[in-house]
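quick check, what structure comes out for this input:
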Amino acid sequence: MVELGDQVFHGLGGAACTGCHGSDATGTAVGPDLTARSWLWSDGSYAGITRVISDGVAQPKRFSGSMPPMGGAQLTPEQLSAVSAYVWALSHR
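Below is the predicted model of the structure:
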């Protein structure tokens, strides 16, 4: 599941995660670092990460870019679960 999530994060299914979070997920001026254990919109749990990805972030707290629901992609339920697992794994190494 994490391997599929890596693929989704890097563009599978039309996801544009790397555009804001960087190809290594360490963040950019537009979107936060996903490898740290600091979360702006959830408690960092798998369920919390899934909710943020699913719902998006319309009004960012610290970054210049908003995040559309599903990262602007039409993710399948399997892809949503997988990218959530990947993001969770990045911060729980």
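
show me where the chain dips below the pLDDT cut-off.
By pLDDT under 70, the chain has no low-scoring segment.

tell me where it has helices.
2-9, 17-21, 46-55, 77-90 (DSSP state H).

for residue 86, give its distance to residue 92.
Applying Cβ to Cβ, to the nearest Å, the value for residue 86 to residue 92 is 11 Å. (Glycine included, C-beta is placed from N, CA and C.)

wait, which of the helices of the chain is closest to residue 63?
Closest to residue 63 of these, according to Cβ to Cβ: helix 17-21, at 7.8 Å.

give the other helices and strands that the closest one contacts.
helix 2-9 (3 or more Cβ pairs under 8 Å, 6 or more residues apart in numbering; DSSP states H and E).

give me the buried stretch members for the helix it packs on, please.
4-9 (16 or more other Cβ atoms under 10 Å).

thinking again about what came up before, of all the helices of the chain, which one comes closest to residue 31?
Of those, nearest to residue 31 by Cβ to Cβ is helix 17-21, at 3.2 Å.

pull out the buried residues from that closest one.
For helix 17-21, by 16+ other Cβ under 10 Å, it's 17-18, 20-21.

same question for stretch 66-85.
Buried-residue list, stretch 66-85, by 16+ other Cβ under 10 Å: 67, 70-71, 73, 75, 79-85.

want to throw those residues into a markdown table with distance to residue 32?
Below are those laid out as a markdown table (distance: Cβ to Cβ, whole Å):
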| residue | distance to residue 32 |
| --- | --- |
| 67 | 10 |
| 70 | 18 |
| 71 | 14 |
| 73 | 19 |
| 75 | 20 |
| 79 | 21 |
| 80 | 19 |
| 81 | 21 |
| 82 | 20 |
| 83 | 15 |
| 84 | 16 |
| 85 | 18 |
